[in-house]
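Peer 1: I would like to see how this sequence folds:
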Amino acid sequence: MQKIIQLKLLPSEALTDANIKDAAAKAISLSSEEVKGFSILKRSIDARGRQAWIILTLRLFINEPFQKELDRLLNFEFPDVSKAKNDAIIIGGGPAGLFTALKLIEEGIRPILLERGKDVRARRRDLAILNKEGILHPDSNYCYGEGGAGTYSDGKLYTRSTKRGDISHILQLLVFFGAGENILYESHPHIGTNKLPGIITGIRQQILKSGGSFLFGKKVIDFDIEDGAVQFVKTADGECYKAGHYVLSTGHSARDIFELLQHKKIAIESKPFAIGVRIEHPQNLIDKIQYHGLPDLPPAAYSLVEQVNGRGVFSFCMCPGGIIAPSSTTEGELVVNGWSPSKRNNPFANSGIVVTIGEKEVQDFGNWGPLAGMFFQKYVEEKAFEQGGGKFVAPGQRMIDFVENRISSSLPSCSYLPGLHSASLKNSLPRFVYDSLRQAFLAFGKKMRGYYSNEAVIVSTESRTSSPVRIPRHAIRLSHPQISNLYPCGEGAGYAGGIMSAAIDGERVAAQIAIKCK
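Peer 2: Numbering: from 1, shown residues only. The predicted structure is shown next:
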């Protein structure tokens, strides 16, 4: 017999499988011998009170052989599509593009994936050069390359896009390609930058094994459009590629694609986004605030939001035990982001703290039409680069010094490898962003006692929270309203906000292409 139960355990009681099994048996008045095994269906931490609890939902196997949850779930088969009559070109090898490709294969359609950057291994070398020497490769960095921005910037798998697709299917595919089983049941699953490259490589190998193509160094620079349809795309190396369908999944930083679309009079729209800073505390300080000194708990996270004069200020991409990284895509522009390894065992906790940017703010900046937000981002990033002094050294300021508008006489140790330069961030941030952050930090300090501290350092600029542009598409068919076989997809098109929602959107687009092919 199988039985699903919920347990509430002390952290020390949930440290081992044997302890959990004994507690489960006791909860339903059975002996441990009668419980042959269990699978964890959901796991979360409740640390709201003075005592933390581990909340578990379990499937128990009572007096019957134990069957691993993975054996029941991971039964994926990918057909050979090398001779398929239908094909599709996918522009961009991030999560949207990769999961579009897998779904197309499941539907019997051959994917041809064009990625402007390098494979994950070669990309890692370029990131090392960027961090150590301040030399940026324009097509191989934290944003561009196999796996997209998520590969080397954390791999968080949390999404609110529950109505858009099957989240569990995406998680199961990630486990199939090498992710840990725990992502299937953690309330806020996370893979880690150290493990994601192997998973991404496994997906690429499956695409190739199934007869698809995966081409690197293929930066798309033009579309040939006739009679309301793409005829072929041209890449920077002079090659042209033709297919029946074209998926545009280039990510939130592919500004050249936005400019190309506007130049060719293909409809694009401005959309809201957010800009701010990344703040780093000692992880043990965040643990003390969140857990009240309780032991046997993982590195603590936090989520903060505040309304300041009608404008939202919120934490973004919070990384326990993490590292701040340079995420620029162009020389002379400074962007920072954060990531954590799978164990989240670095001594710092960092998070973006960002301010919402609406239509009014970007249009006041300049008459750039739908690209106004993009140029607003660019302006802020150039100011931060200038203030840092070059080689992607970032301007930094202690938290209380930031709020009280004084340059820090010294800066604390920081995970940002290119280094920090003490400066007044008031000089590189838009005034309304700076003022909103100052008020929000004071409010956050009241919500989390100890958060408002000069032990924390603020690093500028966190500016690529999402795409400042939306590429319109039909609500059902998901193709562009002007171009029948062009499918805007994922975060860069304005329809996703992270790995999971981008992957879900990729599957949705592939499903619509499959319907059109029937």
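Peer 1: Now do Lys360: how many residues are near it, please.
Peer 2: Neighbour count of Lys360, defined by other CB atoms under 10 Å: 8. To be clear about C-beta, it is placed using only N, CA and C from the backbone, and glycine gets the same treatment.
Peer 1: Tell me the helix or strand right after whichever strand or helix holds it.
Peer 2: In this structure, Lys360 is located in helix 359-365 according to DSSP states H and E. Per DSSP H and E, the first helix or strand lying C-terminal to helix 359-365 is helix 372-388.
Peer 1: Sheet partners, orientation included, of the helix or strand just after that following helix?
Peer 2: Later in the chain than helix 372-388, the nearest helix or strand by DSSP H and E is strand 394-398. Next to strand 394-398 in the sheet, as set by DSSP bridges, lie strand 420-422 (parallel), strand 457-462 (antiparallel).
Peer 1: Between helix 372-388 and the helix or strand following the shortest one, find me the angle.
Peer 2: Towards the C-terminus, the helix or strand next in line after strand 420-422, according to DSSP H and E, is helix 431-447. Counting by axes from the mean of the first three to the mean of the last three CA atoms, to 10 degrees, helix 431-447 lies at 80 degrees to helix 372-388.
Peer 1: name the helices or strands packed onto helix 431-447?
Peer 2: Applying 3 or more CB pairs under 8 Å, 6 or more residues apart in numbering; DSSP states H and E, one finds that helix 431-447 contacts strand 273-282, strand 305-308, strand 311-319, strand 348-357, helix 399-403.
Peer 1: can I see the domain layout of the chain?
Peer 2: Following automatic domain parsing, the chain resolves into domains at 2-67, 87-269+470-517, 272-462.
Peer 1: Adding distance to Glu77 and mean pLDDT, write those domains out as TSV.
Peer 2: Shown next, in TSV, are these (distance: least, CB to CB, whole Å; pLDDT from 0 to 100):
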stretch	distance to Glu77	mean pLDDT
domain 2-67	20	95
domain 87-269+470-517	8	94
domain 272-462	28	95
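Peer 1: what's near enough to touch Pro197?
Peer 2: 120-121, 124, 147, 151-152 (CB atoms under 8 Å, 6 or more residues apart in numbering).
Peer 1: Would you check that Tyr434 makes contact with Leu425?
Peer 2: Yes - using CB atoms under 8 Å, Tyr434 is in contact with Leu425, at 6.9 Å.
Peer 1: what about those two, which has more around it?
Peer 2: Each of Tyr434 and Leu425 has its neighbours counted (other CB under 10 Å); Leu425 has more, 25 against 19.
Peer 1: contacting residues for the more buried one?
Peer 2: Contacts for Leu425 (CB under 8 Å, 6+ apart) come out as 277, 387, 395-397, 402, 434, 458, 460.
Peer 1: Swap in 10 Å and give it another go.
Peer 2: By CB atoms under 10 Å, 6 or more residues apart in numbering, the residues touching Leu425 are 277, 383-384, 387, 394-397, 401-402, 405, 407, 433-434, 437, 458-461.
Peer 1: Show me just the buried residues among those residues.
Peer 2: Neighbour counting with 16 or more other CB atoms under 10 Å marks 277, 383-384, 387, 394-397, 401-402, 433-434, 437, 458-461 as buried within these.
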